[in-house]
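Enquirer: This is a predicted model, with the sequence first.
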Amino acid sequence: MSNETSPAGAAKRRQGIDFKRYLTSPQFFLVLIIVVLVGIIGSAKPNAFNGAFVIAPLLTSVAIFTIVGLAQMMVLSIGQMNIAVGNMAAFGAMFTGLAFDLWKMPFIAGLLVGLVAGALIGALTGWIIAKTGVNSFIVTLAMSFALLGLIPTVYTTLSPGSAFTAKPEGMEFLGRGTFLDVCMAGYCGPAAIPVMVVPVLLVVLLVGGLYSKTKLGREILLTGANIKAAELSAIPTNKRVVLVHAISGALAAFAGILLATSTGSFTPAIGNEFMLQSFLGPILGGTLLAGGYISVTGTFLGITLALLIRRGLELFGAGIEMLNVFLGLILLVALSAERIRTVRRRKPAELPSETPPDQPADRQALSSGATA
Amino acid sequence: MRLKTLTTTMALLAVSTLAITACTPQDATGGGASAVSPDAIKVGLISGGAHPYFQPWAPAGEKAKVDFKLGDVTFNETAAWDQTKQNDVINSMVANGYNAFGVFGVSPTDINSTFANLAKHGVATAALGSCPAGESNAADFCLSTDTQEAAYKAAKAAIEAMGGKGTLAHLTGNNVDSNTQRRIAGVKQAVAETNGAVTLLPDLTDVDKDLTTAQKAVSDLLASKGSQLNGIVSTAYNPAVAAATAVKDSGLKIKLVAIDDDATILSAIKDGSVSATVVQNPTGQAYVGTYALSKLASKQCTMTKPGEIVDSGSFVVDSKNVATYETERAEKTAQLQKDFDSKYLSCK
């Protein structure tokens, strides 16, 4: 299957259907649910707009988990998955912690060490998948077990309390700082926006740009949509697989480092909560499990929705059992509603025979499988 | 939807957040220090996750609410042993008007950042049940069992029951927790005092996750080393309960010193299959902790020494005092409250 159709035809159609398509896209649906939820939570709990204690922590979580979602989305774009996303985050964060604690490196240098470590472990995973042809689920599962054993061992061997606690200058500012700390001409920014959103926005735009603006991005999507067709089009698919896993590893490491800077220290527990969320964001946002179609905006919105539901329930003081029951139910309703909406919209359309089950028909008319 | 849409969405989010919270003048200060009446004080008691150890916190908090006429005292155990989730729970409660927190920090190396952030916004904080790792304590005070002292007492009791010689095994909790490191140090100290008469097997850590994990660890230990063992000391709740049952069932002549006062352990002390147990004072932590927090949140009192570390007490319970130890524990709780009034708090 390919998402590529004639660019000229697509351009003509786009002008007419762009607005309508936006209104019926999963992203718009997510925005709608988010707005409704914010309205409900805000009207029932006016203190939900507390900048320092509700919005800033929520935006910090959204920032971190959007990166986690993108790490998974990269791999989903080639029709594979990364079960080791949390462990790769822990692996990258461990190297940054080592760089700060043992090698006394400054903040930016330590951050780069972690990102490179994440990219290397991701590249190794991708290389094994490309060379052996073993399913990505098996390889990343094996990798997650290997790292699950390795990481705590390194921590216990190299640090007295199983944590790297050194805080070089800049770490506190990135992890816990808000724009309240950024002052100019006697006025400071709002306490509701964490500093962390800036680098995260940059990364989100870079990933979005990779898929929507570059040839490499299109090659990656084609590799995911149909690997044989991609090979016949002279795309070096093995190299693309390794590259995608390397970027996924680096993104996971970045998320792990951000989490460590926001909680305060580097511990083996980093990334424990990443795996489920990493799938939730992209899938809620419309990324296909089968590969070939991604949505960066959708991933961001999916993550925002999941975290908003959790935060809303916490504000209402839901107990641990109710929290999980509600979270499951709301997500189920959100996903079912999205599914019903897609099916209703598909009815009048003629479906091309190669359309995957989850793919709306008019997406086939797009010039690319990427939405940013 | 293209990159443009992504940029638009991000921009919309940024603008709406900015609209909600406008810019702040640089010299804006937090709350003043005017007195807060007791019914405006809302205390959150936040455990690290669901664990039987924290169960007495809920009734103790309720009692404190009535006794000290506080606005509210809420026990919350939804942190699920994750520091980020624990921070989220605390933040949500601050937004709901809670102005004092007693927290069992999930990650002892991170919890100081949480306390520092709360202090910045004028919220009273206490580390309950576990003090932050490292040299400093950013909470107003820490009220916790001196875990090294409790482990030392337990190991001494086990060595005494073993007749002062033989092989001892130590079962304990999460290796990453600094409290576990202190417990290991306490047991080692007691063994070192025997000058080689007692051999300590390598510490069995991370077996306090749940009862099933503990049961498996204990049965593995008894299967592999049971015949050489003379004593077991458990400084964590679940392995203590698991060992009490397993030692009794196996019929081995192993002297067991447990921790806490689960019904299984108390009945095992009564029938003689467990030599002793070291009980802690979670009720005292929650009750006196709430009392001191309410004083701090009223803005009428401050800590004489900010970051003070207070031992909430630990008691060796054996067949002789199994029926009466509650009195001893209640006395310690009353004493703690007096100590806060006379020593640790300085009030206007």
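Expert: Great, that's in hand.

Enquirer: What's the first helix or strand after the strand or helix carrying B:Leu45?
Expert: Using DSSP states H and E, B:Leu45 sits within strand B:42-46. Using DSSP H and E, the helix or strand that follows strand B:42-46 in sequence is helix B:57-67.

Enquirer: Look up phi and psi at the spatially most central residue of chain A.
Expert: For chain A, the residue sitting closest to the mean C-alpha position, by CA atoms, centre = their mean, is A:Gly69 at 1.7 Å. Main-chain dihedrals, A:Gly69, degrees, to the nearest 10: phi -60, psi -40.

Enquirer: ok, now how distant is it from chain B?
Expert: A:Gly69 sits 14 Å away from chain B, going by CB to the nearest CB, to the nearest Å. C-beta here means a position set from N, CA and C on the backbone, and glycine is covered the same way.

Enquirer: What of A:Ala185?
Expert: Counting by CB to the nearest CB - A:Ala185 and chain B are separated by 9 Å.

Enquirer: picking that back up, so for the residue lying closest to the residue nearest to the centre of chain A once chain neighbours are set aside, what's the pLDDT?
Expert: Closest residue to A:Gly69 apart from its sequence neighbours, by CB to CB, 6 or more residues apart in numbering or on different chains: A:Gly281 at 3.1 Å. A:Gly281 carries a pLDDT value of 89.

Enquirer: list the contacts for the residue lying closest to B:Gly284 once chain neighbours are set aside?
Expert: Nearest non-adjacent residue to B:Gly284, counting by CB to CB, 6+ apart: B:Thr333, 3.8 Å away. B:Thr333 makes contacts with B:281, B:283-284, B:287-288, B:313, as judged by CB atoms under 8 Å, 6 or more residues apart in numbering or on different chains.

Enquirer: Quick one: which of those is the most crowded by neighbours?
Expert: B:Val288 (28 neighbours; other CB atoms under 10 Å in any protein chain shown).

Enquirer: Quick check, that one in contact with B:Lys338.
Expert: No - applying CB atoms under 8 Å, one finds B:Val288 not in contact with B:Lys338, separated by 9.7 Å.

Enquirer: Chain A contacts on the stretch 51-200 of chain B?
Expert: Contact residues, the stretch 51-200 of chain B versus chain A (CB under 8 Å from any CB of the partner chain): B:74, B:76-78, B:80, B:82-85, B:87-89, B:91-92, B:94-97, B:107-110, B:112-114, B:117, B:121, B:133-134, B:175-176, B:178, B:181.

Enquirer: helices or strands next to whichever strand or helix holds the residue nearest to A:Gly69 in the packing?
Expert: Using DSSP H and E, the element containing A:Gly281 is helix A:274-284. Judged by 3 or more CB pairs under 8 Å, 6 or more residues apart in numbering or on different chains; DSSP states H and E, the packing partners of helix A:274-284 are helix A:56-76, helix A:85-101, helix A:237-263, helix A:296-315, helix A:320-346.

Enquirer: Give me the contact list for that helix.
Expert: By CB under 8 Å, 6+ apart, helix A:274-284 touches A:26, A:30, A:65-66, A:68-69, A:71-73, A:76, A:81-83, A:85-86, A:89, A:252, A:255-256, A:289, A:294-295, A:298-303, A:305-306, A:331, A:334-335, A:338.

Enquirer: Just the buried subset of those, please.
Expert: A:26, A:30, A:65-66, A:68-69, A:71-73, A:76, A:81-83, A:85-86, A:89, A:252, A:255-256, A:294-295, A:298-303, A:305-306, A:331, A:334, A:338 (16 or more other CB atoms under 10 Å in any protein chain shown).

Enquirer: ok, A:Ala234 - how many residues close by?
Expert: For A:Ala234, using other CB under 10 Å, the count is 7.

Enquirer: same question, A:Leu201
Expert: The burial count for A:Leu201: 19, using other CB under 10 Å.

Enquirer: Show me what the strand or helix carrying it is packed against.
Expert: Taking DSSP H and E as the criterion, A:Leu201 maps to helix A:197-213. Under the contact criterion of 3+ CB pairs under 8 Å, 6+ apart, helix A:197-213 touches helix A:56-76, helix A:215-225, helix A:237-263, helix A:296-315, strand A:370-371, helix B:3-20.

Enquirer: All good on my end, thank you.
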